[in-house]
Each structure stands twice: as C-alpha cells, then as structure tokens.
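Participant: pasting a predicted model and its sequence here:
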Amino acid sequence: MSADHSAASAEQQPAVVDLESLCAVSAPSRHSSEVSMSIATSLAATVGGHTVSGSTSRLPLELPVAPTANSKTAEPVDRQHDLHRSRAAAASSCFRFSVKVLGMSVIAVFFAIGLLHWPLELIDDEQRRAAIMTALFLIGLIMVVVEDHVNVNKAAIMLMVSSTMWTFLAVGHHPNRSHEGHQKLEHELGHGLKDVGSIILFLLPAMGVVESIDHFDGFAVVTHAIHSGIGGQRMLLVPVLCLITFTLSAIIDNLTATIVALKILRHMVSDDRHLRHTIGGLVVIAANAGGAWSPVGDVTTTMLWLSNKISVSKTIQWLFLPSLVTACVPMAGLWAQACRDARASNSGVADSDESSCGSSVTSPEVTLSKVLVLALGFACIFMVPILKMTTGLPPYMGMLLALGIIWFVTDTRAFRRLAKPVGVVSAPTLVHSGEATPRTPKEEHFGEEGVIEALHKMDLTGLLFFAGVLFAVAALNTAGVLSAYAELLVRLCGNSPVLICSLLGISSAVVDNVPLVEAAINMFDHPQDDPLWQLVALAAGTGGSILSVGSIAGVTLMTMEGVGYLWYCRRVSFWAAVGFACGIATYQLERQLFG
C-alpha cells in the first residue's frame, strides 16, 4: 500500500534537478563547472517557464511531466463553463436588443399610421384609438421597467411615447380638414398643457429653492440637529426622517417635502447608497401619507377641497390616524429590513466602529450663514400654502416668488460676507456588499456664484421624464380612457365605497391619480365630507406609493437618487401595499367606533 502511494506521489510531483550537482559530476574543474552551469541554465530556459536556480539559492528546476487524467478532464469542464458564460452573455445581449427593437418598432409603426392618416378605421374609431393609446402607454411603462437591463434612458422612452400618443390623438380630429376639429384639438392640448405645465413650473423653482439651501450648506443645521437627537445611531434615521417627511408634507406639499428629505438624507448617509435608497423609499411613503390628511398636502386632496367635497376640519379629524398608520407600518418593516441588511454586511468584520444596527455620523459645523439660509428657505417654502389659502394664488406662482426672494437675498453683498458655498463633494462610492442598488447621480457643489451655480445641479433629465409621463397620462385622459376605467370600477364594485376607493388607489400606482380623482368628482354626487370622499382622498393619496412611477414623490426619488423601478418593487412595494391596506382598515375601524 505504501509503495503504491509513493509511486502515485512521484507521478504527481514534478521532476527536480539540482543544477550544481549535475555540473559537479560532469566537470571537476572550476572553469568546466562554469561552462556546464551555463549550458544547463540555457537548457532549463527552454523548458517552458520552469524555475532555474543559481549557485547561491539552490532553487529546484521543475521539468515538465505528462498531464494526469484529472488535468485532462478539468480542461473540458472549464471550456464548458466558458461556453455557458458566453452563451448567457449572448442571450442577454440578444434580449436587450430584441426589447429595444420591438418597443421602438411598435412606437414607430403607430407614429407612421398617424403621420400617413392610414388606415382610417384605426384613426377615426374612438374605441380602437383608445385601445391603441393604452397599448402605447403600457409599452412605454414596460420599457421604463426594464430600463436598467436594456440601457435605454427612461426620459427618451416617455418623451417618444407621449408624443406618439398625442400625434395619434390629434389626427383623429383631422385638424387640417375641419375647423371644428382644429379648435377641439387646441382645447385639449391647452387643457393638458395647463395641468402638466403647472406641475413642472412648480417643480422647477421648488428644486431651485432646495438646491440653493444645499449650495450654502443650510441643511447642515438640520443634519446637526438630527445627529444630536439620534446619538450617532444611523438606523434611528428611519423613524426620524419618516416623521419629519410626514409632517412637512402636510404643511407644504408632498413633492417639496420629498426633495427636502432626500437632501437631508444625502447629507446624513453619504457613504451607503443601499441604505439611502431604502430610507428614500420610506420617504416616498411618508410624503404621500402626510399629504393625504391635509387639504394643501397633495394635489388630489386640494382638488377635493376646492370642489367642496371635503372640509379642512373633518379631513384632519378622520384621516390623520389612517394616514399615520399608512406611514408607520411600512416604517417598521423597512426599519427591520435595513437593520437585517446592516447586520449581514457587518458580520465577520472584527472591531468595527459600526454596530449591527447603527453607525456614527459626523456632525457638521453650524454657522450663522447656514442658519440664515435655512430659515430663509423654509420661510419662503411655508409662504406657498399660506398664499394659496389666503389669495388663491396657484402653488407654482408662490414657489416662483420663493425662489426669487432667496435669489435676491443671497446675491446681496451683506449675505456674501457671511456665507461661503461649500467645496466639491464627490458622489458616494461605497457600495453595499449585499444586494446591488441602482447608481446614484453625482452631486457637485460649484463655486461662489450662489443660486446661479445651484441651478446647474438640477436634473433636467428627470424633469423631462416627469413631463413625458404627465403628457402621456393627459393623452389617456383626453381620449376618455381613464373616465371609462373609473366607470368600470363603479360597475364592478357596486355601491361599496371601500372597494371603489381601494381599486382607485391601486390604480393610481400605475397612472396618475389626478384624472382618476377628477373622474370620481364628476361621477358621484355625494354630500360634503361623505365617507366616499374621505376614502378617495386617502386611497388616491397613498396608493401611488406602491410603485415608484405612481406618484410625484416616487418619480422624484427615481430622479434624485437614481432608484430603479425593479429595485423599488423588490424592496419597497410590498411594505407600501401593506401600509395602504392597514390605512384603509384603520379608517373603517374609526367609522365603526365613532361614526
């Protein structure tokens, strides 16, 4: 047995030759020894990269041996793995190319039909036209969903889809042949442009105000206060930011609250993109929930308030607790999920300065200029709902005024003596060791040009994507698709307000909640503060959190943090749906106990 084992070991070990011994045997003299050593060294160099030793190190020379049976079988296995990997890469590339070609081909075909005005049966038939526009919208959403896999920018997709939908809708009126059709098209385009333009005009100055505060490092004051409150425990940011966003959303609006919260979050968690995106998903849920119980917190509640469907006192009385439950239930789930991810990432790391569910956050320096710019910015933001309630001024006009005031004050010489814009801040580079997260856009702070330089940091790509989505939804609303869908909900659910509003809220995760609420206002004739209207405000305001494209806050998260649609679905959608269901149940329980 030992002889066989020794023989097998000898077969596996490479042959070793000592060059000095070989030279000593063949050449007794010193001169002959040097010649023999040179010959042997040259011989060893031709052996295919094996080790050669000099006279001092006495390293062995390994001569090649015949390959064993194991090495012969390993080569085909490696080749098979390489073949499988190459086939998988080719299949993935083929899939991406096929999705691009298929999606763009469908859009191009329908655009050509509208451009050529043929065939007329597809253009003139209202039902077929509505079906085609619905299909175009769904194709656009699918391509947005797989954006990270097909490498197509979502803004380009939605701009093409919305333009094609409006082209197909326009040719149905034959504006070049009929004066009546031309006037009708102008009316529909004007109505859609008014709705979309008011939101974009609000979003532009709102982002400018927040970027200006950030440019002068005003959020360092909030960061310092939060750091002092949480005591260096990073995971406590989850409930703190949730409650801050929930409160701000009710006072100002959910869009501005989301922008402010994400800026604070980026300052507090600059080195962990995965955690920042997780808390960002919770910010979206809290912003939508906070806007549901305030008449000025969300567009849909404002619409119901201005239509005399709800009153301020009754809305706060009945919807505050359900909205708080809608925010707190997902907060508990995402908080536990974030702690579990932190423990998984910190496991096996000895003497780490981070605990399993927390880490230290550097407290920034607070100066007088930072306090001034923060106070000025928040005063201007709070001025917007006050102007709306007292003068009826549209919110975008108030936000434009706020940006103008900040611009004027920060450009004065007295303010510039106090304030100095912060230096260049690189984008966070630390990648979570667990599940991959989407890439966050870089954030840079520029020179000393104040608001002008702050405006350079605004992401126009995200704004264009947002405009494309809104124009596409406006086209569906103009074609009567959304009103027909609302009527279908009524037929399916009968006279049950809970079922109607629940399906309305879930539907608002796919399409914009504004036209759905508008259709509900036109269809139902219930008295003011009826449970139906309160449920419409709650469901339409919070149901959009289920998907990232279902609300303005979610689209803002995708724009500012680069969060992908599929990542949001995997990590946030479940908890948003659970919170939505718990909020509806809480409202029903309130009605049973106190109604």
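Facilitator: Right, received. Where do you want to start?
Participant: tell me the mean pLDDT over the longest helix seen in the chain?
Facilitator: Among the elements of the chain assigned as helix by DSSP state H, the one spanning the most residues is helix 69-116. Helix 69-116 shows a mean pLDDT of 78 in the predicted model.
Participant: could you do stretch 579-591 as well?
Facilitator: pLDDT averaged over stretch 579-591 gives 95.
Participant: now find how far off-centre it is within its chain.
Facilitator: On the basis of Cα atoms, centre = their mean, to the nearest Å, stretch 579-591 sits 28 Å off its chain's mean C-alpha point.
Participant: buried stuff in the helix or strand where V284 lies?
Facilitator: With elements delineated by DSSP states H and E, V284 resides in helix 273-292, which encompasses its position. Residues of helix 273-292 classed as buried: 273-292 (neighbour count, 16 or more other Cβ atoms under 10 Å). For every residue, glycine as well, the C-beta is placed using N, CA and C.
Participant: swap in stretch 366-380?
Facilitator: Of the residues in stretch 366-380, those buried under the neighbour-count criterion (16+ other Cβ under 10 Å) are V366, T367, S369, K370, L372, V373, L374, L376, G377, F378, C380.
Participant: tell me the one among these nearest to M303.
Facilitator: If you rank those by distance to M303 using Cβ to Cβ, C380 comes first, at 24.7 Å.
Participant: got the phi and psi for the closest residue to that closest one other than its chain neighbours?
Facilitator: What sits nearest to C380 in space, not counting adjacent residues and going by Cβ to Cβ, 6 or more residues apart in numbering, is A402, at 3.5 Å. Dihedral angles phi and psi of A402 (degrees, to the nearest 10) take the values phi -60, psi -40.
Participant: contacting residues around A402?
Facilitator: With Cβ atoms under 8 Å, 6 or more residues apart in numbering as the criterion, the residues that contact A402 are P205, V209, C380, I381, M383, V384.
Participant: may I ask which two of the residues you listed are separated the most?
Facilitator: Spanning the widest gap among the contacts of A402 are P205 and M383, at 12.3 Å by Cβ to Cβ.
Participant: the more surrounded of the two?
Facilitator: When neighbours are counted by other Cβ atoms under 10 Å, P205 comes out ahead of the other of P205 and M383, with 23 against 16.
Participant: tell me how far the helix or strand the more buried one falls within lies from the chain's centre.
Facilitator: With elements delineated by DSSP H and E, P205 resides in helix 179-215, which encompasses its position. For helix 179-215, the gap between its own C-alpha mean and the chain's C-alpha mean amounts to 23 Å (Cα atoms, centre = their mean).
Participant: helix or strand right after that helix?
Facilitator: Per DSSP H and E, helix 179-215 leads on to helix 219-230 as the next helix or strand towards the C-terminus.
Participant: mind listing residues that contact the helix or strand just after that following helix?
Facilitator: Scanning forward in sequence from helix 219-230 by DSSP H and E, the next helix or strand is helix 237-251. Contact with helix 237-251 is made by 226, 229-230, 256-258, 260-261, 264-265, 268-269, 279, 282-283, 285-291, 293-294, 296-298, 323-324, 327-328, 331, 334-335, 338, 382, 385, as judged by Cβ under 8 Å, 6+ apart.
Participant: run the last query once more with 7 Å
Facilitator: Counting contacts by Cβ atoms under 7 Å, 6 or more residues apart in numbering, the residues outside helix 237-251 that touch it are 226, 229-230, 257, 260-261, 264-265, 268-269, 279, 282-283, 286-287, 289-291, 293-294, 297, 327, 331, 334-335, 338, 382, 385.
Participant: check the average confidence over stretch 497-507, would you?
Facilitator: Here the average pLDDT along stretch 497-507 is 90.
Participant: buried residues in it?
Facilitator: Residues of stretch 497-507 classed as buried by neighbour count (16+ other Cβ under 10 Å): P497, V498, I500, C501, S502, L503, L504, G505, I506, S507.
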